[in-house]
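[1] Quick one, structure for this:
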Amino acid sequence: MAQPHGKHHHQNHPKSYSWAAIMSGVLIVSTLALVGTQVLQARRIAGSRPLLIFGRRKLHRVVHFSEYKQVVPELLEHAEPHFVAFTSGVDNQGRPWCGDCAAAMPIIREVVLGAGGSLLEVSVGKREDWANRQHPMRVDPDCPVRFVPTLYYWSEKGCGSSVANPLNNDETEESLRLIVAKFVQQTASGQRYVDRITREIIESGGKGCGGC
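    Model (predicted):
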């Protein structure tokens, strides 16, 4: 009985199959070596920051002002753009004692996280703590906070531009969304999702955040 062509070919030409297997192995090893080299180069460029091949995850954390500087490095390891929002603590009922913060913070979360960024919320503590004119955040030499809420854009260089007063003027939900979207657009334009999300909000007059 005649043997199948493939089997017959294999028996008659075992060296050709061995050579093909060897070449396939060499190709795989070469590819892995190239990928490894590229990863090492990218890691050197990134410095101490972790390398995530498939992109960084968004971060949203709430911390007390006494520990926020220790958490900022974690913020910078997550998805850009990075923002830090200084807000009030809560009262005995668990609600923000600052009415402007209660109104603005949900909008800030919506826009920043919707734009693909990361957000660190920093509580300035109790009302009586914030009433102290020497509160550590009020007199911080690098990133002072005069009002709550205050939203800072953050980068590897530290705190950058901020927006505060417009968030403290009994704005409507639409105008708050518009203010935050314009701030995010101005400070982080050209980054993933930012342009599309902020454009949608601005074009709608702050009425919606369809992509958020």
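
[2] residues touching residue 88, list them.
    Residue 88 sits next to 96-98, 101, 123-124, 127, 130, 148-149 when contact means C-beta atoms under 8 Å, 6 or more residues apart in numbering. For every residue, glycine as well, the C-beta is placed using N, CA and C.

[3] Residue 181 versus that one, what's the distance?
    Separation of residue 88 from residue 181 (C-beta to C-beta, to the nearest Å): 23 Å.

[4] same thing with residue 84?
    From residue 84 across to residue 181, the span is 18 Å (C-beta to C-beta).

[5] The two: who's more crowded?
    Per other C-beta atoms under 10 Å, whichever of residue 84 and residue 181 has more neighbours is residue 181, with 28 against 23.

[6] check contacts around residue 160.
    Residues in contact with residue 160 (C-beta under 8 Å, 6+ apart) are 152-154, 187.

[7] which of these tops the neighbour count?
    Within these, neighbour counts (other C-beta under 10 Å) peak at residue 154, which reaches 24 neighbours.

[8] hang on, that residue packs against residue 72?
    Yes: using C-beta atoms under 8 Å, residue 154 makes contact with residue 72 at a distance of 6.9 Å.

[9] what do these two both touch?
    Counting by C-beta under 8 Å, 6+ apart, the common neighbours of residue 154 and residue 72 are 84, 120.

[10] tell me which element residue 119 falls in.
    Take DSSP states H and E as the rule and residue 119 turns out to sit in strand 118-123.

[11] quick one: strands adjacent to that strand?
    Sheet pairing here is set by DSSP bridges, and for strand 118-123 it gives strand 60-64 (parallel), strand 82-87 (parallel).

[12] What's the first helix or strand after the shortest one?
    Per DSSP H and E, strand 60-64 leads on to helix 68-76 as the next helix or strand towards the C-terminus.
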